[in-house]
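>>> Sequence plus predicted model, see below.
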Amino acid sequence: MKQYLNRLYEHDKFSRDEARQILLNIAAEQYNEVQITAFATAFNMRSITLSELQGFRDALLDLCVPLDLDGRETIDIVGTGGDGKTPSTSPPYLAWWWLERVIQ
């Protein structure tokens, strides 16, 4: 992690593969909370590049767990409830009542 932090302090950018590997390492718990916090803080002090975003996306796709729905048609509704108007649990129940095939 130290090498990545030093590069951030020098305003360096990461390649797509480097960004992917950083996120995979974080997911594999190779860094402690202090290191991750330092990385996130320094990283967010500048704009993300397209290659970094692609690398992070690649890592997330590598880490995702496939879900077998056995051919059932479903609808995915995801919300954070962050608007303060609707609890994030309300839409799934309403949609379930209406469609009976909601995934959240």
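Okay, I see it. Given the structure is predicted, the values throughout are model-derived calculations rather than measurements.
>>> CA only for contacts and neighbour counts going forward, please
Fine.
>>> Show the end-to-end separation of stretch 25-38, please.
Distance between the boundary residues of stretch 25-38 (CA to CA, to the nearest Å) amounts to 15 Å.
>>> and what of stretch 5-14?
11 Å.
>>> Only the buried residues of it, if you could.
Under the neighbour-count criterion of 16 or more other CA atoms under 10 Å, stretch 5-14 has 5, 8, 13, 14 buried.
>>> Who are the contact partners of the first one?
For residue 5, the residues meeting the contact criterion (CA atoms under 8 Å, 6 or more residues apart in numbering) are 38, 39, 42.
>>> Looking at those, spot the one nearest residue 27.
Distance to residue 27, by CA to CA, is smallest for residue 39 among the contacts of residue 5, at 13.8 Å.
>>> returning to what we had before: can you pick out the ones from the contacts of residue 5 that are in helices?
Members of the contacts of residue 5 lying in helices (criterion: DSSP state H): 38, 39, 42.
>>> and those, which are buried?
Taking 16+ other CA under 10 Å as the criterion, what is buried in the ones in helices among the contacts of residue 5 is 39, 42.
>>> Could you give the number of residues near residue 24?
19 (other CA atoms under 10 Å).
>>> Was I right to think it contacts residue 59?
Yes: using CA atoms under 8 Å, residue 24 is in contact with residue 59, at 5.9 Å.
>>> Residue 29 and residue 35, how far apart?
From residue 29 over to residue 35 the distance is 11 Å, taken as CA to CA.
>>> So those two - more neighbours on which side?
Relative neighbour count places residue 35 above the other of residue 29 and residue 35, with 15 against 11, counting by other CA under 10 Å.
>>> Now for that one: which residues touch it?
Applying CA under 8 Å, 6+ apart to residue 35 gives the contacts residue 1.
>>> pLDDT, distance to residue 51 and secondary structure added to the buried residues of stretch 5-14, as CSV?
Listed next are those as CSV, based on pLDDT from 0 to 100; distance: CA to CA, whole Å; DSSP: H, G, I helix; E, B strand; the rest coil:
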residue, pLDDT, distance to residue 51, secondary structure
5, 93, 18, helix
8, 92, 15, helix
13, 95, 9, coil
14, 96, 7, coil
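>>> For residue 19, which non-adjacent residue is closest in space?
What sits nearest to residue 19 in space, not counting adjacent residues and going by CA to CA, 6 or more residues apart in numbering, is residue 55, at 4.8 Å.
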